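A.B. asks: need a structure here:
(one chain, ligands or ions: 1)
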Amino acid sequence: MSEPLKHSTPPVNRSHIKQHFSHAAPTYDEAAILQKTVAERVDERLALTTLDPRVIVDIGAGTGLLTEKVIQRYPQASVIAIDLSLAMLKHAEQRLKKRKFNWLPQSIWQNNGATLLNADAYALPLADNSVDLLVSNLMLQWCDDLDSVFAEFRRVLRPEGLIMFTTFGPDTLKELKQAWAITDGVDAHVNQFVDMHDIGDALIRNGFGQPVMDVEHFTLTYDKPMGVLKDLKAIGATNASLNRSKGLMGKQRFHNMLEAYETLRSEGKIPATYEVVHGHAWAAQEVIKGPARDRAGLVEISLDEFAKQTKQLK
Ligand SMILES: C[S@@+](CC[C@H](N)C(=O)[O-])C[C@H]1O[C@@H](n2cnc3c(N)ncnc32)[C@H](O)[C@@H]1O
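C.D. replies: Alright, predicted model coming up:
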């Protein structure tokens, strides 16, 4: 049994998350360039597998970027898109509109291939062992208790079901953190992100085997530091930590932070780094040990090896 998370994120306020994403729902798609790219990357990884899932769930589905891809990739499957924010799901409905929707009472509705469900990742309204494939694109960074979330994911996945997700790692928004650190000595205005090894450990603690993790760095560039903040606001990604500094942020401090960010300009542009953590693991009773595995049972392998592995298993 591995040690509890050493670098867990500070507790987050889920009503804050819900409120901010609901607010951002109308502007999300236009600003979510990175999220779209990463959803494509997840889909490329799914293309390497020979899965034939009957039930797929997309957790933190938002406006349905990844949901749409899995519906296309697995047209025979029942797809369930879950999100904390009903407003985000309403936009998912628009995206998936090509299909005919039948409205069901309350916050549940359905189309030919997808059921949209307004619910929390910590308490999924799904039966035990009912899901074959669980996907999640850039949602887990909003969860401060990975053990509880992974335990819930494990509960709904059938044994040998696959979880495939992305989240942000600690290098994410490092320039913004640095700008705040220069300004007032702390970077508490930016969300904290968990290291991929800690995520792998949490998977193992909660009944997943063969976790495979890797990271990919993206640097978005902007004309001005304000551009970074505007995009974060447009996608609802504001700091949700309960211990974020409260009260009005002084105009002068904010201005100082923008000036500090200016000093990080490189080749004429303002950089914003995102460390995207990709992970997948199989729901298993037992962790399968292998030669390339470290003590935590974590293994880092190439995409080719991943393709071979999933073909062998399915
Ligand atoms: C950055 S968006 C990603 C949306 C989508 N997966 C995509 O790729 O565009 C994160 C989403 O996770 C949702 N979310 C955050 N915490 C959640 C939770 N505890 N349960 C369900 N959804 C959650 C937010 O409402 C938001 O729609």
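
A.B. asks: establish whether the one helix or strand E68 maps to and the ligand are in contact.
C.D. replies: Using DSSP states H and E, E68 falls within helix 65-73. Yes. Applying Cβ under 6 Å from any ligand atom, one finds helix 65-73 in contact with the ligand at 65-66. Quick note: C-beta positions are derived from backbone N, CA and C, even for glycine.

A.B. asks: restricting to C-alpha, output that helix in CSV.
C.D. replies: Only the C-alpha atoms of helix 65-73 are listed here, as CSV (Å, rounded to 0.1, in the frame of the first residue of the first chain):
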residue,chain,number,x,y,z
LEU,A,65,-15.7,18.1,-26.7
LEU,A,66,-14.5,14.6,-25.8
THR,A,67,-18.1,13.2,-25.6
GLU,A,68,-18.6,14.0,-29.2
LYS,A,69,-15.4,12.1,-30.1
VAL,A,70,-16.3,9.0,-28.2
ILE,A,71,-19.8,8.9,-29.7
GLN,A,72,-18.2,9.0,-33.1
ARG,A,73,-15.5,6.4,-32.2
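
A.B. asks: show me what counts as buried in stretch 89-100.
C.D. replies: Residues 89-93, 96 are the ones in stretch 89-100 that count as buried (16 or more other Cβ atoms under 10 Å).

A.B. asks: what pLDDT, on average, does that stretch get?
C.D. replies: Stretch 89-100 carries an average pLDDT of 80.

A.B. asks: how about that stretch and the ligand, any contact?
C.D. replies: No. Judged by Cβ under 6 Å from any ligand atom, stretch 89-100 and the ligand are separated, with a smallest distance of 8.3 Å.

A.B. asks: quick check: residues of the chain near the ligand?
C.D. replies: 14, 17, 21, 32, 35, 39, 60-63, 65-66, 82-85, 88, 120-122, 137-139, 142-143, 235.

A.B. asks: which ones among these map onto helices?
C.D. replies: Among the residues of the chain next to the ligand, DSSP state H puts 14, 17, 21, 35, 39, 65-66, 88 in helices.

A.B. asks: who wins on neighbours among those residues?
C.D. replies: L66 (30 neighbours; other Cβ atoms under 10 Å).

A.B. asks: want to throw the buried residues of stretch 89-100 into a markdown table with distance to V277 and secondary structure?
C.D. replies: A markdown table is the format used below for the buried residues of stretch 89-100 (distance: Cβ to Cβ, whole Å; DSSP: H, G, I helix; E, B strand; the rest coil):
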| residue | distance to V277 | secondary structure |
| --- | --- | --- |
| L89 | 25 | helix |
| K90 | 29 | helix |
| H91 | 25 | helix |
| A92 | 24 | helix |
| E93 | 29 | helix |
| L96 | 27 | coil |
